[in-house]
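[1] Kindly return the folded structure for what I paste below:
(4 chains)
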2 protein chains.
Amino acid sequence: MARPDHRRLILETLQKQEQPISAQALFAQLRQQGQTIGLATVYRILSHLRQEGLLCCHGQPEGEILYSLAEHHYHYLTCIRCRRMIRLPACPWQEWEKTLKFPEPFQVLYHELQLFGLCHLCQGLPKEVGGSKTPLQ
Amino acid sequence: MARPDHRRLILETLQKQEQPISAQALFAQLRQQGQTIGLATVYRILSHLRQEGLLCCHGQPEGEILYSLAEHHYHYLTCIRCRRMIRLPACPWQEWEKTLKFPEPFQVLYHELQLFGLCHLCQGLPKEVGGSKTPLQ
DNA sequence: CAAGATAATGATAATCGTTCTCGCTCAATT
DNA sequence: AATTGAGCGAGAACGATTATCATTATCTTG
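    Numbers count the residues shown, from 1 in each chain, chains lettered A, B, ... in the order given. Here you go, the predicted structure:
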């Protein structure tokens, strides 16, 4: 039996995502598509992609790590109520970098910017509505 | 036996840290000082402080969460080789915020900026020196 | 094409940080 | 002194991630 190209499979699946996705969710999604892939393989390939710089990883305050393709390199507004992640249209880092002064020489390889708050849908809502997950922080 | 004021204890210990510290490390440090405090209590109090907005939490790419006092509200250059975290002299967010355009109304409550790369001590070193931990990413 | 070497795979166990549970203690109140 | 309730520590439970290992596909070499 021919061995499926899991690496390509994962890259294509990441391509489709509108938001960063966790390794577990990625695994579940692939399995639901009928793919016979192991959880270990998902983590292995994500680790490879990460070392190649193809991946952005967003460490959430609860410990879970979300992945997205680095070619996008977007930043997100994360709603602490509904956990929706809203993509910023552009990365402001290039501009900001010029204005920053480092206390010592440092070679920045990549960066992570996360903005937390309330999206417009959740701003007007009373606290503790529905069975939503625990709010972040 | 008088009950020790763990909350104050943790606040004072956080005060002393030069870098953000994990809950586990905080627990170990307190125990080494001879304090009889449980791990659960450390997490409980950190959770309280977080909800009160007194704490900054920095989710690392590997999942561990580091804490620092919010009154400082510093950002850090994190060296992916030696894991040293170098504090930036000031938070550039106030200036940057003006230049950002959101795709939809959003109320930013707090933000997290992390810069990863190589510190000046690690820039010249060959790869894989010594028994250091696995590099980040 | 055969045979051995090599690398990738999936199931599962192990690890690690975090959260939950529960019986206990202390302190305030009556 | 008895009652109540909040805070506590030890350890179990949980979830995400990593390590292990036997198996299998692919590659190499003859």
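
[2] Now do the contacts for the residue in chain A positioned nearest to chain B.
    Here the residue of chain A nearest chain B is A:G59; by C-beta to the nearest C-beta that distance is 3.5 Å. (C-beta placed from N, C-alpha, C; glycine too.) Residues counted as contacts of A:G59 (C-beta atoms under 8 Å, 6 or more residues apart in numbering or on different chains) are A:I65, A:E112, B:G59, B:Q60, B:P61, B:E62, B:G63.

[3] export those residues to CSV and tack on secondary structure and pLDDT?
    As requested, those are exported to CSV (DSSP: H, G, I helix; E, B strand; the rest coil; pLDDT from 0 to 100):
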residue, secondary structure, pLDDT
A:I65, strand, 90
A:E112, strand, 85
B:G59, strand, 80
B:Q60, coil, 80
B:P61, coil, 72
B:E62, coil, 77
B:G63, coil, 79
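
[4] Without its sequence neighbours, what residue ends up closest to A:I86?
    A:L77 (4.3 Å; C-beta to C-beta, 6 or more residues apart in numbering or on different chains).

[5] That neighbour: helix or strand, and which one exactly?
    If you go by DSSP states H and E, A:L77 is part of strand A:76-79.

[6] Parallel or antiparallel, list what pairs with that strand.
    Applying DSSP bridges, strand A:76-79 is found paired with strand A:85-87 (antiparallel), strand A:106-119 (parallel).

[7] so where's chain A shaky on pLDDT?
    Scanning chain A for pLDDT under 70 picks out A:1, A:61, A:125-137.

[8] Kindly recompute the last result at 90.
    Applying pLDDT under 90 to chain A picks out residues A:1-4, A:18-19, A:48-64, A:70-74, A:76, A:78-85, A:87, A:89-101, A:107-119, A:121-137.

[9] So which residues of it form helices?
    Ranges of helices in chain A, per DSSP state H, are A:6-16, A:23-32, A:39-51, A:93-99, A:120-123.

[10] could I get those helices as CSV with mean neighbour count and distance to DNA strand C?
    Formatted as CSV, these follow (neighbours: other C-beta atoms under 10 Å in any protein chain shown; distance: least, C-beta to the nearest atom of the strand, whole Å):
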stretch, mean neighbour count, distance to DNA strand C
helix A:6-16, 15, 4
helix A:23-32, 16, 9
helix A:39-51, 16, 3
helix A:93-99, 11, 27
helix A:120-123, 14, 21
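
[11] need the contact list for the residue nearest in space to the middle of chain A.
    The residue lying closest to the centre of chain A (C-alpha atoms, centre = their mean) is A:P20, at 3.1 Å. A:P20 makes contact with A:C56, A:H58, A:L66, A:Y67, A:S68, A:Y76, A:M85, according to C-beta under 8 Å, 6+ apart.

[12] Just to be sure, which of the residues you listed are found in strands?
    Secondary structure assignment by DSSP state E places A:C56, A:H58, A:L66, A:Y67, A:S68, A:Y76, A:M85 of the contacts of A:P20 in strands.

[13] Among these, which one lies nearest to B:K98?
    A:Y76 (19.6 Å; C-beta to C-beta).

[14] how far away is the closest residue in space to A:C91 that isn't next to it in sequence from B:W93?
    Take A:C91 and drop its neighbours on the chain: the residue closest to it by C-beta to C-beta, 6+ apart is A:H73, 5.7 Å away. Going from A:H73 to B:W93 by C-beta to C-beta, to the nearest Å gives 19 Å.

[15] Quick check: the residue of chain A nearest DNA strand C.
    Chain A approaches DNA strand C most closely through A:G38 (2.6 Å), counting by C-beta to the nearest atom of the strand.

[16] and that residue, how many neighbours?
    A:G38 has 11 neighbouring residues, counting by other C-beta atoms under 10 Å in any protein chain shown.

[17] Now do the residue nearest to the centre of chain A against B:S47, distance only.
    Distance, A:P20 to B:S47, by C-beta to C-beta: 25 Å.
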